[in-house]
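Asks: how does the following fold in three dimensions:
(chains A and B, ligands or ions: 1)
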Amino acid sequence: MKILVCVSKTPDTTSKIAFTDGNTKFDEAGVQWIINPYDEWYSLVRAIELKEANPAATIHLVTVGNADAEPIIRKALALGGDEAIRVNTDNSDAYFIAAQIAEVAKQGGYDLIFTGKETIDYNGSSIGGMVAELVDAPYISLATKFDLNGTTATVVREIDGGEETAEVALPVVVSCQKGMAEQRIPNMRGIMAARTKPLKVVDPIAIDALTSIHSFELPPAKAGVKLVAPDNVAELVRLLHEEAKAI
Amino acid sequence: MSVLIFIDQSEGVVKKSSLEALTYGADLAKQLGTSAEGIVLGTVSDDLAALGKYGVSKIHQVNNASLNNVDAQVYASVLSEAATIAGATVLVFSHNQTGKAVAARVAAKLKAGLVAGACALPDTSNGFSVKKTVFSGKAFAHVNILSATKVISLNPNSYKTVATEGTAVVEALAVTVSEPKVKVTAVNKITGEVPLTEADIVVSGGRGLKGPEHWGILLDLAKELGAATACSRPVGDAHWRPHHEHVGQTGVQVAPNLYIAIGISGAIQHLAGVNRSKVIVVINKDPEAPFFKAADYGIVGDAFEVVPQLTAAIQKMKAGA
Ligand SMILES: Cc1cc2nc3c(=O)[nH]c(=O)nc-3n(C[C@H](O)[C@H](O)[C@H](O)COP(=O)(O)OP(=O)(O)OC[C@H]3O[C@@H](n4cnc5c(N)ncnc54)[C@H](O)[C@@H]3O)c2cc1C
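Replies: Sure, this is the predicted structure:
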């Protein structure tokens, strides 16, 4: 069985969000980069667990990005996975990225493609669905559980107001979120092993981006908190009702 | 050329987030000087013609019971065919769970640029630029869609529903509906609770509540307000509350009218998921809790004393009104 895990580099969750060049670029000064938490905690760890249960399985990681993404890929390889593929490009349009991953997927003939439910920077929640469409496979979005029985997967996924259990034959594309697996910390052996695992760099295929970022904007600052004394909750209720019109 | 709005239904009932999408799509059509039409898949018990009051002139329906469960692959093929038949140049979805399953697939199929998580009408004065939330609500991006066909999925609770007069013509649409490859074996709906992403009011608890046995005071307040309940990540991790209630950067992102945070410190990762709420109330015994910086109203006090009093005071206000 061959598993492809999509991995993306995102700013650390505590990063200061600021923009440069007339608000057209994310200010990377001082930013720590991490593996997108959904990719790391859920897709990658679940893929590793599947390989632990079936050592014949292989796991490939794919990232679409420039050389700055390599430390993140090595960190992901330290957790597990057999080799990584980096599609060398700066483009950030979701369709462009999905088309690159779909190309890698077609070349590699994977049974299972995992993505995180979204990245914590662009929050598109789009790559999994687009890849599934481009490789013409079924798509399980927002999965919270994934189990394999031969070539049939049993999945639980989040739907509006609840969850759904379903069965699907491989190949399938799955976007992963909380519930799929528990976060792991790479150990020394993994970190050493990751140094020599293959990291292939491939050129992107020619595809037109369908979107481009024009500019960024920060939300307006809050006016400041109005404090109400703890023995005067009636005043808070009055403010919420009359001033904020929220209740 | 038209704007086609996907109307999401569950057990025959049209979702509130779809009414927002309808209003948004109708306003967009007006801005573009074209018409707005809706499309609904599956069996619906709601009066579809009445949705005309949100500004759509026509609603296409593919009334096929096999579409009552959302299968991304089948939905994408049906909706792209429908878009072609309707001559739609812009498709509007809600960025809810269904939208997240389907919109990207439709966009890829139609080679249409997608803005997922839009929060305002596009600026069409020079191209087609859509504002969306990025960095989990810490910022916004204006994204240009470069392709002829465009797909927008609208963040729930970010566009105000406006109902006026009007009825829509409901038309059956003949499209190919293939057999889904994903076989749904069980559906487990959380009944009797307000869905978190659609809620007007969210009452949320953190580690300050000390344990699941203390959630009663929070649930009472939520019930009094008709609110959905949420929690911080450690609370979800410790299984004090179910996973789907975890809000924040790595959980659900919410934007209700009112967010009440009880015993939550306000870590940056938590704020990222809630700071688009219109009004934030913080109840925390530590005056230095970072959450107060992001709040509109606050009480520095012990949740175990303040929250029951708050519930009682709301009851009293309602009785008086
Ligand atoms: C990569 C990453 C992603 C993360 N993603 C998320 C996320 O999505 N969502 C999220 O919530 N967190 C997330 N976190 C965790 C986050 O950093 C915080 O640890 C977490 O939000 C703290 O939860 P809390 O406020 O419930 O608990 P604490 O920080 O322990 O705060 C408890 C608060 O309760 C108050 N309190 C105690 N007793 C009382 C009382 N009797 N009455 C009133 N107040 C009281 C205390 O003063 C304190 O402020 C993430 C962390 C990382 C590293």
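Asks: I'd assumed residue B:25 was in contact with residue B:159.
Replies: No - the pair residue B:159 / residue B:25 is not scored as a contact, 9.7 Å apart, by Cβ atoms under 8 Å. For the C-beta atoms, the positions are set from N, CA and C on the backbone; glycine is no exception.
Asks: what about the two, which has more around it?
Replies: residue B:25 (31 against 22; other Cβ atoms under 10 Å in any protein chain shown).
Asks: for the more buried one, which three-state class applies?
Replies: helix (DSSP: H, G, I helix; E, B strand; the rest coil).
Asks: so who does it touch?
Replies: Taking Cβ atoms under 8 Å, 6 or more residues apart in numbering or on different chains as the criterion, residue B:25 is in contact with B:3, B:4, B:5, B:36, B:38, B:55, B:56, B:90, B:92.
Asks: where does chain A get nearest to the ligand, residue-wise?
Replies: Proximity of chain A to the ligand (Cβ to the nearest ligand atom) peaks at residue A:13, 4.1 Å away.
Asks: per-residue pLDDT of that residue, please?
Replies: What the model reports for residue A:13 is a pLDDT of 92.
Asks: find the nearest non-adjacent residue to it, please.
Replies: residue B:269 (4.7 Å; Cβ to Cβ, 6 or more residues apart in numbering or on different chains).
Asks: for the one you found, give me phi and psi.
Replies: Per-residue torsions, residue B:269: phi -70, psi -30 (degrees, to the nearest 10).
Asks: and the pLDDT at it?
Replies: Here, the pLDDT recorded for residue B:269 equals 95.
Asks: for chain B, just list every one of the helices.
Replies: B:16-32, B:72-86, B:97-110, B:216-225, B:233-237, B:268-274, B:303-320 (DSSP state H).
Asks: please identify the most buried of these.
Replies: Highest mean neighbour count of the helices of chain B: helix B:97-110, a mean of 28 (counted as mean count of other Cβ atoms under 10 Å in any protein chain shown).
Asks: report the buried residues of the lengthiest strand in chain A.
Replies: Looking across chain A with DSSP state E, the single longest strand is strand A:139-149. With burial defined by 16 or more other Cβ atoms under 10 Å in any protein chain shown, the residues of strand A:139-149 counted as buried are A:139, A:140, A:141, A:142, A:143, A:144, A:146, A:148.
Asks: that one: what's the following helix or strand?
Replies: Using DSSP states H and E, the next helix or strand after strand A:139-149 towards the C-terminus is strand A:152-159.
Asks: what's in contact with that following strand?
Replies: In contact with strand A:152-159 (Cβ under 8 Å, 6+ apart) are residues A:112, A:140-148, A:163-170, A:172, A:174, A:177, A:179, B:10, B:70, B:97-98, B:185, B:187, B:244.
Asks: equivalent analysis for stretch A:37-47, please.
Replies: A:3, A:5-8, A:10, A:13, A:34-35, A:59, A:61, A:76, A:79-81, A:112, A:114-120, A:146, A:174, A:176-184, B:249-250.
Asks: close to the ligand: what parts of chain A are there?
Replies: A:13, A:37 (Cβ under 6 Å from any ligand atom).
Asks: regarding chain A, what is its longest helix?
Replies: Max-length helix for chain A by DSSP H is helix A:94-108.
Asks: so what strands line up beside the helix or strand just after that helix?
Replies: Counting by DSSP H and E, the element after helix A:94-108 in chain order, helix or strand, is strand A:112-116. Note on strand A:112-116: by DSSP bridges, its sheet partners are strand A:2-6 (parallel), strand A:172-176 (parallel).
Asks: pLDDT score assigned to the residue nearest the centre of chain A?
Replies: Closest residue to the average C-alpha location of chain A: residue A:116 at 3.3 Å, with Cα atoms, centre = their mean. At residue A:116, the model reports a pLDDT of 97.
Asks: the one 5 residues further on too?
Replies: We have a pLDDT of 94 for residue A:121.
Asks: that one against residue B:138, yeah?
Replies: No - here residue A:121 lies out of contact with residue B:138, judged by Cβ under 8 Å, at a distance of 9.5 Å.
Asks: out of the helices of chain B, nearest to residue A:26?
Replies: helix B:268-274 (15.1 Å; Cβ to Cβ).
Asks: remind me what the closest one packs against, helices and strands.
Replies: Where contact means 3 or more Cβ pairs under 8 Å, 6 or more residues apart in numbering or on different chains; DSSP states H and E, helix B:268-274 is not packed against any helix or strand.
Asks: that helix and the ligand, are they touching?
Replies: Yes - part of helix B:268-274 sits near the ligand under the criterion Cβ under 6 Å from any ligand atom, namely B:269, B:270, B:273.
Asks: in a markdown table: the residues you listed, plus distance to residue B:129.
Replies: A markdown table is the format used below for those (distance: Cβ to Cβ, whole Å):
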| residue | distance to residue B:129 |
| --- | --- |
| B:269 | 29 |
| B:270 | 31 |
| B:273 | 25 |
